[in-house]
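Undergrad: Would you be able to build a 3D model of this:
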Amino acid sequence: MVKVAPFQGYRYDKNTVGDFKLVVSPPYDVINKELQKKLHEGSQYNVAHLIKGEKFESDTRENNEYIRASKLLGTWIGSGALKKEEKPSIYVLAQDFEVAKKKMTRSGFIALIELENMCATTGEGGVCNGVHQHEETLPKDIEDRLNCLSATKANFGLIFSIYSDEAMTIDSIMENKMNEPPLMEVADDDNITHRLWAIDDENEIKNIQDVMEKKYIIIADGHHRYKTALRYSQENPDFTSAQYRMLAFVNTMNKGLVILPTHRLIQGVENFECGKLISDLSEDFAIEEFPYEPGSDKEAQQAMFKRLNEHFTEGKHALGLYCNDGKYYSMVLENVNKMDEIQDHSEAWKNLDVTILHKFILEDILGITKEKVASGTIEGGSYVEYIKAIGDAVAESVYKVNEKGYQAVFFMNPTKVKEVEDVATNHETMPQKSTFFYPKVYTGFVINKL
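TA: Numbering: from 1, shown residues only. Here you go, the predicted model:
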């Protein structure tokens, strides 16, 4: 049972902090050194000071990035930079963005969820009405977030989850609220506009709670944050507020729910030969070539992606390939019986494009085992590098093959929402980086203080 609750969130006071754009940030796990510096220098109130603080060689157990974040949070609240909501609320977050030149809006609500273990058994009706995961997590990332949570006793970043409601009951409540002026509006550097509202009407909140009690949710992005909160709640059973965590919830019926592909760059494979790879692939895949003359590679690239999209629409398992041999390639799995070689997994898991790539190509043909993917092969690199399909992702990956010593790039079609649901509700986890829900939900629009 999914139990959600309103809360009195802390929000930035514009009169104190100034431009909201300068105080919010992308999630902690995408903030590199360069972005961290930019965010920190942009405003003394940027939430990145709390979620991605500076580390120093002189740090100790009593004085480190997490302790400093806790003190800074207290200072901001004391000075009025962050103010507590007057009434318990459920928040509406909308993001306006563009994909393939199409303008879209994804809307969802932000509320607390009563923490519970991830579903591991099937409930009534064939589905466990609780919390499902769809990707595995790394322990070291959980430790980092646990240190931050333990010190600050606050939820900063949003866990992104999805649920299914064909009746669109909650969406109707949100749409009415979205007719009002937003409490916060930020246009970020990627031309995504983020808007926030607060629902404090008790009847509307009750309607939202009633709908969610009958649903299950799937963690779409933020598995580490959820498992961190769950572990903290179990270690502090008498701390009532720790039994809840702030989440963002989006209906799978929402027209703005988009999953983009994540492409795979390959490096470090011994004795790699593109011709041999194509030959090996042709045993199970139908290969189509898209050759190009110097200066006309864009046309070949576009033709390849067009073919991938056609195969995607037809429900076929298709991949793209580039390895700097004067051609792009598309490939479709013809030997569907190949999936029978995979044991101890559901049909839904076997039929994922990423499963087919990782098992039959990366592992069986190129020898890139799960252990190699995890361990890496050269300093600062790994056998597989993941490229999210936004901006100049394709051009960047092709450039790395042409100029930076990478051996090949495999282009992916996006994972479908239905595939995520089928795998997650069967209590399985997808290969790493199987989904990229776009856009990311930003941090800093509302904070939950335990």
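Undergrad: CA only for contacts and neighbour counts going forward, please
TA: OK.
Undergrad: Lowest-scoring secondary structure element of this protein by mean pLDDT?
TA: helix 370-375 (a mean of 74; mean pLDDT, DSSP states H and E).
Undergrad: Could you pull out the buried residues of whichever strand or helix holds Val423?
TA: Assessed by DSSP states H and E, Val423 sits inside helix 417-424. By neighbour count on 16 or more other C-alpha atoms under 10 Å, the buried set for helix 417-424 is Val417, Val420, Glu421, Asp422, Val423, Ala424.
Undergrad: ok, and the closest non-adjacent residue to Gly157?
TA: Thr443 (4.9 Å; C-alpha to C-alpha, 6 or more residues apart in numbering).
Undergrad: List the beta-bridge partners for the one you found.
TA: On the basis of DSSP bridges, Thr443 is bridged to Ser25.
Undergrad: what about it, neighbour count?
TA: As a burial measure, Thr443 scores 21 neighbours (other C-alpha atoms under 10 Å).
Undergrad: can you tell me which residues contact Val269?
TA: Leu366, Gly367, Ile368, Tyr383, Gln407 (C-alpha atoms under 8 Å, 6 or more residues apart in numbering).
Undergrad: surely the last one meets Leu321?
TA: So that's Gln407. No - with contact defined as C-alpha atoms under 8 Å, Gln407 does not count as touching Leu321 (10.7 Å).
Undergrad: which of those two has more neighbours?
TA: The residue with more neighbours, out of Gln407 and Leu321, is Leu321; 23 against 19, by other C-alpha under 10 Å.
Undergrad: secondary structure element for the more buried one?
TA: Element membership of Leu321, judged by DSSP H and E, is strand 318-322.
Undergrad: just Arg106 next, same as before
TA: Arg106 belongs to strand 102-114 when elements are defined using DSSP H and E.
Undergrad: how about that strand: buried residues?
TA: For strand 102-114, burial by neighbour count (16+ other C-alpha under 10 Å) applies to Thr105, Arg106, Ser107, Gly108, Phe109, Ile110, Ala111, Leu112, Ile113, Glu114.
Undergrad: And for stretch 196-214?
TA: Buried residues in stretch 196-214 (16+ other C-alpha under 10 Å): Leu196, Trp197, Ala198, Ile199, Asp200, Ile205, Ile208, Gln209, Val211, Met212.
Undergrad: dump the residue contacts of the fourth one.
TA: Think Ile199. Neighbouring residues of Ile199 by C-alpha under 8 Å, 6+ apart: Ser89, Ile90, Tyr91, Val92, Lys177, Ile205.
Undergrad: Turn the residues you listed into TSV, including secondary structure, pLDDT and distance to Ile162.
TA: Formatted as TSV, the contacts of Ile199 follow (DSSP: H, G, I helix; E, B strand; the rest coil; pLDDT from 0 to 100; distance: C-alpha to C-alpha, whole Å):
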residue	secondary structure	pLDDT	distance to Ile162
Ser89	strand	98	20
Ile90	strand	98	16
Tyr91	strand	98	16
Val92	strand	98	14
Lys177	helix	98	20
Ile205	helix	98	18
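Undergrad: got these as TSV, with distance to Ser282 columns?
TA: Below are the contacts of Ile199 laid out as TSV (distance: C-alpha to C-alpha, whole Å):
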residue	distance to Ser282
Ser89	57
Ile90	54
Tyr91	52
Val92	50
Lys177	55
Ile205	56
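Undergrad: Looking at those, which one is closest to Leu281?
TA: Lowest distance from Leu281 to the contacts of Ile199 (C-alpha to C-alpha) belongs to Val92, with 47.5 Å.
Undergrad: Excluding chain neighbours, give the residue nearest to that closest one in space.
TA: Once flanking residues are discounted, Val92 sits nearest to Phe109: 4.4 Å by C-alpha to C-alpha, 6+ apart.
Undergrad: what's the neighbour count on Ala167?
TA: By other C-alpha under 10 Å, 10 other residues sit near Ala167.
Undergrad: Over to the one 5 residues further on?
TA: Other residues within reach of Ser172, judged by other C-alpha under 10 Å, total 11.
Undergrad: do Leu146 as well
TA: Leu146 has 22 neighbours, counted by other C-alpha under 10 Å.
Undergrad: For the strand or helix carrying it, report the contacting residues that lie outside it.
TA: Element membership for Leu146, per DSSP H and E: helix 139-152. For helix 139-152, contacts defined as C-alpha under 8 Å, 6+ apart pick out 51, 66-67, 69-71, 73, 155, 224-225, 227-229, 232.
Undergrad: repeat for stretch 88-99
TA: 5-9, 103-111, 174, 177-178, 191-201, 205, 439.
Undergrad: ditto for stretch 18-33
TA: Residues contacting stretch 18-33 (C-alpha under 8 Å, 6+ apart): 12, 14, 17, 39, 42-43, 45-48, 51-52, 157, 184-188, 440-445.
Undergrad: Please name the nearest non-neighbouring residue to Gly108.
TA: Spatial nearest neighbour of Gly108, excluding adjacent residues (C-alpha to C-alpha, 6+ apart): Val250 at 4.5 Å.
Undergrad: Partner strands of the helix or strand where that neighbour lies and their direction?
TA: Element membership for Val250, per DSSP H and E: strand 244-251. Next to strand 244-251 in the sheet, as set by DSSP bridges, lie strand 102-114 (antiparallel), strand 159-163 (parallel).
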